[in-house]
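Visitor: Pasting the sequence and the predicted coordinates here, then a few questions.
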Amino acid sequence: MTIFLKERLLERIEEAALQPNSWTLPALSTPSHELAEFSQQYGVHPSFLLILVSVGGNDIAFWRQVVESLPYGANTRLLIARWIEWLWADPSVGLRRRIGDPDLRACGDSIFALQNRAAAGEEVSRTEWRAARGALSNAAAKVDAVQAGAAGGAAAAAWDLESVPGAAADMIYALKTTLFAEIDRDLAWNDEKEAAAAERSEKMHAAGLASAESEADQSATANGGTVDEAAQARMRELYQKGTQAFIAANPSDLDRRGELRNAAYAEIYRVAREGLLHQTSRHQGERSLAPVA
């Protein structure tokens, strides 16, 4: 097991805090080989690093909070096994609670049982992983979009984190799919509404462009045909005002879907962060995390 080097990683985080214009921590755009090097350098499992990058972004305070709450020598591989099970099974926010089909629930549960075995050091064969994914896929084909989306969380986690460390982070996208499916269900969204929303979006875009055109014309005239940076910023501002004016003058329930999706994005990252901090802070004072009983 790789030993987590807490103080060294905190030093790296503080370096990043002192260089706000030069991000020195990994990001989603960081090449995979550099992520692997970072994981090895600081003793964090690649799956843990990918979760931290995915939900932490460039929020230094959150990076610091997570790392400070970890015990020295923490088993970050096991911690992520607990995080993905929490995201699946938590009675308040978990994906499992959105599934009413008992067979599909059981298939999902079996995947996290495999993850617990692997986290405890037991070898889980590729055949077992493949069989669990197949059973889940067959069961998910028989349910509605919300339940299928929730089952996608288990499908994302149905891989050995040693060979596919990004599998844990993929559960975040499954949560998004599930929340979006719930929104569409509650709004009775259909092809007709989709077409009407697309037409409305085109009109909003046209209104925004019309609002910004005068600024572009004035800047081009004053600068020999080019639009300077100040004018571009002003154009963006006018574009937003133009679209907002269109919305105010033409209210529609179609906009509700976008509003709910924006709220869902915020909820996704709140939940993912809350779960990660829960799994780290609950083990303060321990040197090494023990398998779940």
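Guide: That came through, no problem.

Visitor: Every contact and neighbour count from this point should use C-alpha atoms.
Guide: OK.

Visitor: low-confidence ranges in the stretch 101-250 of the chain?
Guide: For the stretch 101-250 of the chain, the stretches flagged by pLDDT under 70 are 215-228.

Visitor: Show me where it has its strands.
Guide: Using DSSP state E, counting those that start in this stretch, no strands are found in the stretch 101-250 of the chain.

Visitor: Now do the helices in the chain.
Guide: 6-18, 32-42, 46-56, 60-69, 76-89, 102-119, 126-140, 145-156, 167-186, 191-222, 229-249, 255-281 (DSSP state H).

Visitor: could you dump those to CSV with mean neighbour count and distance to residue 25?
Guide: Formatted as CSV, the helices of the chain follow (neighbours: other C-alpha atoms under 10 Å; distance: least, C-alpha to C-alpha, whole Å):
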stretch, mean neighbour count, distance to residue 25
helix 6-18, 16, 7
helix 32-42, 15, 9
helix 46-56, 23, 9
helix 60-69, 17, 9
helix 76-89, 24, 18
helix 102-119, 20, 27
helix 126-140, 17, 33
helix 145-156, 25, 25
helix 167-186, 20, 18
helix 191-222, 15, 37
helix 229-249, 16, 29
helix 255-281, 16, 18
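
Visitor: Would you mind giving the domain segments of this structure?
Guide: As given by automatic domain parsing, the domain ranges for the chain are 77-185, 191-252.

Visitor: could you dump those to CSV with distance to residue 45?
Guide: Shown next, in CSV, are these (distance: least, C-alpha to C-alpha, whole Å):
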stretch, distance to residue 45
domain 77-185, 5
domain 191-252, 42
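
Visitor: Any idea which of those domains gets closest to residue 267?
Guide: Nearest of those to residue 267, taken as C-alpha to C-alpha: domain 77-185 at 9.2 Å.

Visitor: That closest one: end-to-end distance?
Guide: Domain 77-185 has an end-to-end distance of 36 Å (C-alpha to C-alpha, to the nearest Å).

Visitor: With stretch 60-76 instead?
Guide: 19 Å.

Visitor: Take the helices of the chain and write them to a markdown table, including distance to residue 95.
Guide: Converted to a markdown table, the helices of the chain look like this (distance: least, C-alpha to C-alpha, whole Å):
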| stretch | distance to residue 95 |
| --- | --- |
| helix 6-18 | 31 |
| helix 32-42 | 28 |
| helix 46-56 | 17 |
| helix 60-69 | 23 |
| helix 76-89 | 5 |
| helix 102-119 | 10 |
| helix 126-140 | 13 |
| helix 145-156 | 5 |
| helix 167-186 | 7 |
| helix 191-222 | 26 |
| helix 229-249 | 34 |
| helix 255-281 | 11 |
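
Visitor: so which of these gets nearest residue 24?
Guide: Nearest to residue 24, of all the helices of the chain, is helix 6-18, at 5.3 Å by C-alpha to C-alpha.
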